[in-house]
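> Any chance you could fold what I've pasted below:
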Amino acid sequence: MKPDLKSRRLRAGIVGGGPGSFIGGIHRIAAELDSQALVMAGAMSADPDKAQRSAAAWNLERSYASFEQMAKEEADHIEGIDFVMITTPNHMHFPVAKAFLEAGIHVVCDKPITLTLEEARELTKIVERRKMIFALTHNDIAYPAVQQARQMVQDGKLGTIRKVMVEYIQDWLMDPLENSGQKQASWRLDPARSGISCCVSDIGTHAENLLEFITGVGIHSLCADFTSFLPGRRLEDDANILLRLENGGKGTLICSQIACGEENNLNIRVYGSLAGLEWHQQEPNTLKFKPKGKPWEYYRTGNGYMGDEAKALTRTPAGHPEGFLESFAGIYKLAIADIRRVQNGDLPLGGYPTVQDGLRGLNFVVKAVESAKKGAVWVTILNNP
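Numbering: from 1, shown residues only. A predicted model of the protein is given here:
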């Protein structure tokens, strides 16, 4: 880390995000939105020519033919990057993150954390040994209304959590896009690049992380039923999962990428002994609170009655929609603040998904796959995978 870190924008780099990438541009906008960072360097494709053209299109100062070269040279550069954004397919998350962490460069990584549980365990050890910041972009937790929901649970307004229902449903894989060469579908349905799961790994992990973030209660065990509705698919495009929570509560997690007519529909309902909560990502500024025996209350982002955590991630006045890009920027805002704290010799405050959340999320995927392969049987999730 450079000694002037406290008084300037952080310098960011990106691995991935080249031609055909959806998420790369999202990360760049998010990192720069609050004027706390500037993307300066990249290894944006495994193809050196594509990497160079992509970097030129983004007006990056430095382009690299490989992430290995980038990690080494940026660590030695007098104005090298302070953190790297990893926006590659899943199979590249571990080698890229390891290279930059070992070079002393902090990491913000797209989910899932790695391809395998063994890689996730090793990466966790590296982060802890080197005392680096590692943020995982489960962006859903950075919506102000989600922050408000979590605070209300922590304040005891829901009482004991009894029931949670979370779903993430889309329709973009209802046709065999992978056979047409569509980049996003091709790698997500390829076990060599995506891992042991498609639907649960891609969107089910968002639902799992959102559930545990809001409730503060871990998932104890699960029973999963997987389906590949299109013939010839090697990974699932639909999953229905029963949950048992660590406090004795129960839940359901449904994720699907073949639900006709659904765009990007992430919803959660939390029911306690005193009240319930309901939030929908497609209407992100509204949080419904359902107290026992009383009228429902609607909490709206940007109003003075919202809690401090929600206000900290709110950028526009009430009635002005904040959405997907801003939620990604919320992860970056929190992670960048911690990078500055670590440079100053202080402890990180967190508030965003870390390497431990990534390890737990990948273990959730592994256990869901195990349950489904055994015929939808109950399996236990270990606290320390």
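
> Mind pulling up the pLDDT for the residue nearest to Asn265 when sequence neighbours are not counted?
Leaving aside its chain neighbours, Asn265 sits nearest to Ile169 (4.8 Å; criterion: C-beta to C-beta, 6 or more residues apart in numbering). No exception for glycine: its C-beta is placed from N, CA and C like everyone else's. Looking at Ile169, its pLDDT is 98.

> Quick check: Ile169 touching Leu253?
No. Counting by C-beta atoms under 8 Å, Ile169 sits too far from Leu253 to count as a contact (11.2 Å).

> Give me the more crowded residue out of the two.
Leu253 (26 against 22; other C-beta atoms under 10 Å).

> How much space separates the more buried one from Asp238?
In this view, Leu253 and Asp238 are 12 Å apart by C-beta to C-beta, to the nearest Å.

> Just list whatever residues bridge to Ile219.
Leu245 (DSSP bridges).

> so it makes contact with Ile241?
No. Using C-beta under 8 Å, Ile219 makes no contact with Ile241, being 9.3 Å away.

> now stretch 13-29: how far from the chain's centre is it?
15 Å (C-alpha atoms, centre = their mean, to the nearest Å).

> in it, what counts as buried?
Neighbour counts over stretch 13-29 (16 or more other C-beta atoms under 10 Å) mark Gly13, Ile14, Val15, Gly16, Gly17, Gly18, Ser21, Ile23, Gly24, Ile26, His27, Arg28 as buried.

> Just these: which are in helices?
Ile23, Gly24, Ile26, His27, Arg28 (DSSP state H).

> out of those, who's nearest Ile133?
Ranked by distance to Ile133 (C-beta to C-beta), these are led by His27 at 15.6 Å.

> so what's the closest residue in space to that closest one that isn't next to it in sequence up against?
Using C-beta to C-beta, 6+ apart and skipping residues adjacent in sequence, the residue nearest His27 is Met85, 4.6 Å away. If you count contacts by C-beta atoms under 8 Å, 6 or more residues apart in numbering, Met85 has them with Ala12, Gly13, Ile14, Val15, Gly17, His27, Arg28, Ala31, Val39, Val108, Cys109.

> Tell me which helix or strand comes right after the helix or strand of the chain at the bottom of the mean pLDDT ranking.
Within the chain, no helix or strand scores below helix 48-57, which has a mean of 91 by mean pLDDT, DSSP states H and E. With elements assigned by DSSP states H and E, the helix or strand that comes after helix 48-57 is strand 62-63.

> next helix or strand past that next one?
helix 67-76.

> Parallel or antiparallel, list what pairs with the next helix-or-strand element following that following helix.
Later in the chain than helix 67-76, the nearest helix or strand by DSSP H and E is strand 83-87. Sheet pairing here is set by DSSP bridges, and for strand 83-87 it gives strand 10-16 (parallel), strand 106-109 (parallel).

> closest one to Gln148 among those strands?
strand 106-109 (24.1 Å).

> residues in contact with the helix or strand following the closest one?
Using DSSP H and E, the helix or strand that follows strand 106-109 towards the C-terminus is helix 117-130. Outside of helix 117-130, the residues within contact range by C-beta under 8 Å, 6+ apart are 93-94, 97-98, 101-102, 104, 113-114, 132, 134, 354-356, 358-359, 362-363, 366, 385.

> If we go by neighbour counts, what in helix 117-130 is buried?
Leu117, Glu119, Ala120, Leu123, Thr124, Ile126, Val127.

> which one among those residues gets closest to Ser45?
Closest to Ser45, out of all of the buried residues of helix 117-130 and judged by C-beta to C-beta, is Glu119, at 22.3 Å.

> Need the buried residues of helix 117-130 in JSON lines (columns: pLDDT).
Formatted as JSON lines, the buried residues of helix 117-130 follow (pLDDT from 0 to 100):
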{"residue": "Leu117", "pLDDT": "96"}
{"residue": "Glu119", "pLDDT": "97"}
{"residue": "Ala120", "pLDDT": "97"}
{"residue": "Leu123", "pLDDT": "98"}
{"residue": "Thr124", "pLDDT": "97"}
{"residue": "Ile126", "pLDDT": "98"}
{"residue": "Val127", "pLDDT": "97"}
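
> What is the nearest of these to Gly232?
Leu117 (27.0 Å).

> and the gap between the closest one and Leu123?
On the measure of C-beta to C-beta, Leu117 and Leu123 end up 11 Å apart.

> Equivalent analysis for His77, please.
24 Å.

> Just give the nearest non-adjacent residue to Leu253, would you?
Ile241 (4.3 Å).

> That neighbour - that's part of a strand, no?
Yes. In this structure, Ile241 lies within a strand as judged by DSSP: H, G, I helix; E, B strand; the rest coil.

> show me what contacts it?
When contacts are counted by C-beta under 8 Å, 6+ apart, Ile241 touches Val200, Gly204, Leu222, Cys223, Ala224, Asp225, Thr252, Leu253, Ile254, Cys255, Ala368, Ser371.
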